[in-house]
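In: Give me coordinates for this.
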Amino acid sequence: MKISGDLIWISLLFLFIAANAYKCTVFRLILSDLKNPYFSTAFSYYSSYLMLCSFVFLLLFRLKQFWLAVVFYSLQFLFLSVNLTYYFFFESYLHLNQYIHLFNEAVQLLRHTAAPLEGRLFIVFLDLPLLVGLFFFRKHISFRSPPLRYAVYAPFLILLVKLSLWNPLKSERLRDIIDDRYAGELLAVKKFGIGMVNLVNLTRINQDAKYLKALNNKGKLIETAIDTSAEVPGFFVIQIESMDSYVINKKHKGRFITPFLNRLSKTAVYYPYTLSYHKAGSTSDCEFSVINSLEPLDHFPSMKIRNYNFPNSIARSLAKDSFDVAIFHGNRGEYFNRRIAFKKMGFPAFYDIFDMKLKKVRWGAPDHEVFNFALRSLQSAKDPFFYYLITMSSHEPFTFTESYYQNPRYDDIGGKKVRNFFQCMSYVDSTLNSVVTRIREMRPNTVIFIFGDHTPGIKNDLYKQASFKESGMYFEFTPLFIITPDNRKYSEKKRVASFLDIVPTILSICGNHHGIHSYGVNLLEPDKEFGPIPYGGTQQDRKILFQKIHPSDNKSRKRHN
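Out: All right, here's what the predicted structure looks like:
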């Protein structure tokens, strides 16, 4: 019985270590964006992790500190799962400063099961059954026999040899690689691993001065005179959760998922592909970039920067020009620091779910109720006005509309996530149809902007979202509609727009006394040449991006997702 017990725990232990090293290797390969890695690369990663895991777990088990092994395993499990979840959704890396500043947001996502899940995430559970087996055989664990007694030293000595052969003077400095915004972080993860990248970023948690300097690159000053003889229109800006470009023309059973928006693409000003700024601040980056006409920070939520007063905000500028300015969101105002940030941006009024006295359904208030509140406010608003509304009913996992909207047309779709997404987009489309009609009846002299904030995070054969990854950079595209009082029509066929273009377009209509800086362009002058779009330290050509994301380009389609 003793021999049998020894064989079992020894087998379990080394299988556990091998499996643990394997999942660490897969984690590293995923984050290094190596879909088909060379054998030498994978073997190099695996051998390193095998030595490291062997040393740690053999040492802990030899010291008979099973609880400490469980603590180490739990921390490792948490690190791998959190980083993979973030990477699968954002196609970028989570930093330690984001762990700290996004903690409350992460808790909210988990509470409402709104954190994205993907099949590859389950690699983190690979070795868990073996650890459970070791728990039951922990009393049999003994390192008294000479081979096992010295087993812990072998991986330790190998690690020492590897470290002694590594010459840091011949390696590129990790800090220098990370500081290269264009694919620098991807290269750093490939060379050093996400752990080392996080340790370096730990020394950079308090970087407010650097962040402020980065946001000071605001582009050229847009100076537009105000025509006092003309009636200034109002503006109603609608930011739709998880609505990407491809859903506008997507059909099921021969019918469009979003029939109203599809019709609108032919009767309004329509830019089918608008480059989204969806970075460290998640959805909050989208309204940040639109309202301030600025590219958000790569590695820190721009809405949470201390000592930053958002000097380029269109809201403050329009409020000074006597616009009635307000912003609405169906979530609580503390989420992503919106209550404080919107006040600093110059919004005299911000209405969250509590200010509107709306009832929470699953997570946040239903979009139609938020719209109803905004439209009631619009009845007493003075002209001109600037209203900005952020929706959330169509947030992942696309189940928040189940209690107040049903469309059986999608019940036959096999993939649950796609089925729910189509349901949400159908709800959004129906709601927008009603809202646009009511706005135009109440205030005919209104310019309405409708755009998606980012892609839905769906990556399967049932639905291909409007995104692609290239050279370590992730590009997401959403539709943009501009409905003008004179019913102007235009559909862009060659270039992409960006969130930075919305403010210059607004100012081209209403003018401005105070001046806004921007790299954006006026989308209502399509005959003019459009400049490049700043993105991740690069200047992106609008026509080339269009060719890469437009479905008729077969070569670019292979790169999607």
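
In: quick one: residue 65 from residue 74, how far?
Out: 14 Å (CB to CB, to the nearest Å). In this view, the C-beta of every residue, glycine as well, is placed from N, C-alpha and C.

In: what's the answer for residue 361, then?
Out: Relative to residue 74, and taking CB to CB, residue 361 is found at 34 Å.

In: for this structure, which strand is longest?
Out: Ranked by number of residues, the top strand in the chain under DSSP state E is strand 473-483.

In: what mean pLDDT does the helix or strand that comes right after it have?
Out: Using DSSP states H and E, the helix or strand that follows strand 473-483 towards the C-terminus is strand 490-491. For strand 490-491, mean pLDDT is 97.

In: Likewise for stretch 332-348?
Out: Rounded mean pLDDT across stretch 332-348 is 88.

In: How far does that stretch sit from its chain's centre?
Out: Chain-centre distance of stretch 332-348: 19 Å, with CA atoms, centre = their mean, to the nearest Å.

In: Give me the neighbour count for residue 7.
Out: 11 (other CB atoms under 10 Å).

In: Check it and give its pLDDT.
Out: 74.

In: before we move on, the earlier item: give me the more crowded residue out of residue 65 and residue 74.
Out: Each of residue 65 and residue 74 has its neighbours counted (other CB under 10 Å); residue 65 has more, 13 against 10.

In: ok, the more buried one to residue 454 distance?
Out: Taking CB to CB, one finds residue 65 at 45 Å from residue 454.

In: quick revisit: who are the packing partners of the longest strand of the chain?
Out: For strand 473-483, the elements it packs on are helix 259-267, strand 269-275, strand 446-452, strand 467-470, helix 542-549, judged by 3 or more CB pairs under 8 Å, 6 or more residues apart in numbering; DSSP states H and E.

In: will you turn those into TSV that also has mean pLDDT?
Out: Shown next, in TSV, are these (pLDDT from 0 to 100):
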stretch	mean pLDDT
helix 259-267	97
strand 269-275	98
strand 446-452	98
strand 467-470	91
helix 542-549	97
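
In: now for those, which one comes closest to residue 356?
Out: Proximity to residue 356 (CB to CB) singles out strand 446-452 among these, at 20.6 Å.

In: Next secondary structure element downstream of that closest one?
Out: Using DSSP H and E, the helix or strand that follows strand 446-452 towards the C-terminus is strand 459-460.

In: Pull up the pairing partners for the helix or strand just after that following strand, direction included.
Out: Once the chain leaves strand 459-460, the next helix or strand it forms, by DSSP H and E, is strand 463-464. Strands adjacent to strand 463-464 in the sheet, as given by DSSP bridges, are strand 459-460 (antiparallel).

In: Can you give the domain ranges for the protein?
Out: Per the record, the chain has its domains at 2-166, 213-557, by automatic domain parsing.

In: The ones you listed: lowest mean pLDDT?
Out: When I compare these, domain 2-166 is least confident, with a mean of 76.

In: thinking again about what came up before, can I get the helices and strands packed on strand 473-483 in CSV including mean neighbour count and distance to residue 392?
Out: As requested, the helices and strands packed on strand 473-483 are exported to CSV (neighbours: other CB atoms under 10 Å; distance: least, CB to CB, whole Å):
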stretch, mean neighbour count, distance to residue 392
helix 259-267, 17, 18
strand 269-275, 24, 19
strand 446-452, 23, 13
strand 467-470, 18, 21
helix 542-549, 19, 25
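
In: To residue 315, which of the ones you listed lies closest?
Out: Among the helices and strands packed on strand 473-483, strand 446-452 sits nearest to residue 315 (CB to CB), with 14.0 Å.

In: what angle separates that closest one from strand 269-275?
Out: When axes from the mean of the first three to the mean of the last three CA atoms, to 10 degrees is applied, the directions of strand 446-452 and strand 269-275 differ by 30 degrees.

In: hey, C-alpha coordinates of strand 446-452 in CSV?
Out: Extracted in CSV, the C-alpha atoms of strand 446-452 (Å, rounded to 0.1, in the frame of the first residue of the first chain):
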residue,chain,number,x,y,z
THR,A,446,-31.6,69.0,-34.8
VAL,A,447,-28.5,67.2,-36.0
ILE,A,448,-28.5,63.6,-34.7
PHE,A,449,-25.3,61.6,-34.5
ILE,A,450,-25.6,57.8,-34.0
PHE,A,451,-22.5,55.6,-33.7
GLY,A,452,-21.3,52.4,-32.0
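
In: Which elements pack onto that strand?
Out: Counting by 3+ CB pairs under 8 Å, 6+ apart, strand 446-452 packs on strand 234-240, helix 416-442, strand 473-483, helix 502-510.

In: buried stuff in the second one?
Out: It refers to helix 416-442. Neighbour-count burial for helix 416-442, counted by 16 or more other CB atoms under 10 Å, picks out 417-433, 435-436, 439-440.

In: Ok, stretch 305-322 next?
Out: Result for stretch 305-322 [16+ other CB under 10 Å]: buried residues 305, 310-319, 321.

In: Run the chain-centre distance for stretch 528-541.
Out: 21 Å.

In: and the end-to-end length of that stretch?
Out: 15 Å (CA to CA, to the nearest Å).

In: And the contacts of that stretch?
Out: Residues from elsewhere that reach stretch 528-541 (CB atoms under 8 Å, 6 or more residues apart in numbering): 180-182, 219, 275, 277, 295, 298, 473, 475, 495-496, 498, 500, 519, 521-522, 542, 545.
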